[in-house]
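K.L.:
Structure for the following, please:
(chains A and B)
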Amino acid sequence: MSEQEIREGMLLAVWDEPPLDFDPDTLIRRVEQKKSRRRALVTVGVATAMIVVASFSLPGLLPRDRNTQLGSETQTTSSPAPAESMERKAQLVGDRLVSSLGGRMTNLKDLYSSFNPGRVPVYPPYQTKAPDWSTRDSDFSGYLYLTDDIGPTALRVTVSKGGLNTKSFCEGAVECKDVRQQDGTVVSTAEYLQGSPEVQLAQVARRFESGLVVQIAAFAYNPSNGNGQRQTVPVRVGVLTELVTDPGIRWE
Amino acid sequence: MRKADEQGFREFAAANAASLRRTAYLFCGDWHTAEDLMQSSLMKMYLAWKRIKDLDNLIAYARKVLLRTWLDEKRRPWRRAEQRDGELPDAADATVDPDTTSAKLWARELVHTALLQVPPRQRAVLVLRYFEDLPVAEVAVAMGCTEGTVKSQTARGLATLRTIVEKLDSSSGRVAS
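P.N.:
Residues are numbered from 1 along each chain as shown, chains lettered A, B, ... in the order given. The predicted model follows:
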């Protein structure tokens, strides 16, 4: 079988070729449909991938606390969250102190409180420069404002985990004693004359087992502004002790 | 695609579709598969038309695409294969010359039986060289191999084809030339 015969054989093999029904426009239309189908498939694939990624990452972004509303400003760092709750706690303690003191000393007027996170300074009458400000997250403090027969003044309240130096607490006090409470806390009371015949400073400190220390102090002046000098403190340690041990106040 | 490019493709496809289908038929031995192969090849060319429209020898490129499409189709495990379970009897046609008809039938037999038994790449070389009448260099381009490979594949393909044709002739009583 020669090459020529193969060539002729191949030419003859297509002699019964069926008619060709070919339309380039149909072919082009099919290609365009295929292209759009492929695009749609890619779009669906990308969308599916995004949904899968979102479904895995979303639980980490949602608030875990059930009380927190979705869409509300959530805190992602550890420090600001306690500050917010501490502010709320300080307000509650202040409100409770106002009602407690008002119940015990009915002669007081214009009772109100101002508590905030951090440690507020005391403005002594002899010092114009403000003391250092503590911004520890676990601390909150404020003033319990009152107006008695003499005039307006305030009690200073500090709640801190900084501990209490009993030596310095009692230093210069005419009377300083520790009383252990039934709940395990220790209440220290001290009154200071500071060279005056009358008590110039009365303060109590309640130490919790957790290390929390609550101090309430009454000065012979208004500690919130350094004014209002008077002969003696507006509230003595007896009432201050009742305030610091008030079971209605959740200090911790 | 721009209208001008689309029109260019339309003209190319219309002019070469029949030729490509014939070549595809000699590759696969079935007109339906041949039409599918031709259309698949043209679809691939349409997608790449912007890039290939300025080639010097577009039909050579089309043959290359056709060959690749056929070889790819053959490699697929789920390749569609027609199950032939019988032969339709040829209808007698009194108007034709019996000798011519006999030659045509033998040629069809050549394709259906002998050529299809030749290995695919050797078959492709034989079709491109003896049906398309392409020089060795162009076949090498279409096959994506060297000219030496084309020559050796041609020689092997011819030997295989001759062996098969001789067997066919001896079994059917026809004298091999």
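
K.L.:
Please identify the residues of chain B in proximity to chain A?
P.N.:
Within chain B, the positions near chain A by Cβ under 8 Å from any Cβ of the partner chain are B:6, B:9-10, B:13-14, B:17-18, B:21-22, B:25-26, B:31, B:35, B:38-39, B:42-43, B:46-47, B:103-104, B:106-108, B:110-111, B:115, B:126-127, B:130-131, B:133, B:158, B:161-162, B:165-166, B:176-177. Bear in mind the C-beta positions are built from the backbone N, C-alpha and C, glycine included.

K.L.:
Mind giving me the PyMOL select for those residues, buried ones only?
P.N.:
In PyMOL, this line selects whichever of the residues of chain B next to chain A come out buried by 16 or more other Cβ atoms under 10 Å in any protein chain shown:
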select buried, chain B and resi 9+10+13+17+21+22+25+26+31+35+38+39+42+43+46+104+106+107+108+110+111+115+126+127+130+131+158+161+165
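
K.L.:
Just give me the neighbour total for whatever residue of the stretch 1-150 of chain A ends up closest to chain B.
P.N.:
Nearest to chain B in the stretch 1-150 of chain A, going by Cβ to the nearest Cβ, is A:Leu12, at a distance of 3.3 Å. Neighbours of A:Leu12 under the rule other Cβ atoms under 10 Å in any protein chain shown: 18.

K.L.:
which phi and psi does it have?
P.N.:
Dihedral angles phi and psi of A:Leu12 (degrees, to the nearest 10) take the values phi -70, psi -30.

K.L.:
Could you do A:Gln215 as well?
P.N.:
phi -120, psi 130.

K.L.:
my guess is it meets A:Ala205, correct?
P.N.:
Yes: with contact defined as Cβ atoms under 8 Å, A:Gln215 reaches A:Ala205; the gap is 4.7 Å.

K.L.:
Name the residues contacting each of the two.
P.N.:
A:Leu164 (Cβ atoms under 8 Å, 6 or more residues apart in numbering or on different chains).

K.L.:
Secondary structure class of the nearest residue to A:Thr166 once chain neighbours are set aside, three-state.
P.N.:
Distances taken as Cβ to Cβ, 6 or more residues apart in numbering or on different chains place A:Ser188 nearest to A:Thr166, at 6.4 Å, with adjacent residues excluded. Three-state assignment for A:Ser188 (DSSP: H, G, I helix; E, B strand; the rest coil): strand.

K.L.:
A:Gln182 now?
P.N.:
coil.

K.L.:
Okay, it and A:Thr189: tell me how far apart.
P.N.:
17 Å (Cβ to Cβ, to the nearest Å).

K.L.:
same check, this time on A:Tyr143
P.N.:
In terms of Cβ to Cβ, A:Tyr143 sits 20 Å off from A:Thr189.

K.L.:
picking that back up, if I look at the residue of the stretch 1-150 of chain A closest to chain B, what pLDDT would I see?
P.N.:
Among the per-residue scores, A:Leu12 holds a pLDDT of 81.

K.L.:
How is the chain partitioned into domains?
P.N.:
If you meant another chain, say so; for now it's chain A. A:22-60, A:83-244 (automatic domain parsing).

K.L.:
please go with chain B instead
P.N.:
B:1-81, B:97-177.

K.L.:
Comparing these by mean pLDDT, which bottoms out?
P.N.:
Taking the average pLDDT of each of the domains of chain B, the minimum falls on domain B:97-177, with a mean of 81.

K.L.:
Would you check how far apart the residue of the stretch 1-150 of chain A closest to chain B and B:Ser152 are?
P.N.:
A:Leu12 is 27 Å from B:Ser152, by Cβ to Cβ.
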